[in-house]
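*Asks:* sequence plus the predicted model coming up.
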Amino acid sequence: MSVPYLLQSRYYFGLMHRCAGRYPNMKMLITGANGQLGRSLQDTQSGEHELIACNSAQLDLADKHAIQAALAAARPEIIINAGAYT
């Protein structure tokens, strides 16, 4: 998978479990890591995949260049957007 898939957070639950058998060792990026949903997503991580969790201090979702730099550095296969504008 060379192009990351952007998934809205409401579709995430169960994704890691479904992917575990078919796609082991996937690299996943979660935005909004310190929020309620971001923490819950991290808690469900089974350890079979590499998880990169970014909070608002690490990744400003309003900054296009910061997002591009983070994606280039992490090169995730799946992106889970749990970030919220509050």
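*Replies:* Done, it's in.
*Asks:* for this protein, which spans come out with low pLDDT?
*Replies:* Along the chain, segments meeting pLDDT under 70 span 1-23.
*Asks:* now the helices for it?
*Replies:* 15-22, 36-43, 64-74 (DSSP state H).
*Asks:* and residue 33, how far is that from residue 24?
*Replies:* Residue 33 is 23 Å from residue 24, where distance means Cβ to Cβ, to the nearest Å. Every residue, glycine included, has its C-beta placed from N, CA and C.
*Asks:* out of those two, which sits in the busier spot?
*Replies:* Each of residue 33 and residue 24 has its neighbours counted (other Cβ atoms under 10 Å); residue 33 has more, 22 against 9.
*Asks:* thinking the more buried one is in contact with residue 51, fair?
*Replies:* No: Residue 33 is beyond contact range of residue 51, at 9.4 Å (criterion: Cβ atoms under 8 Å).
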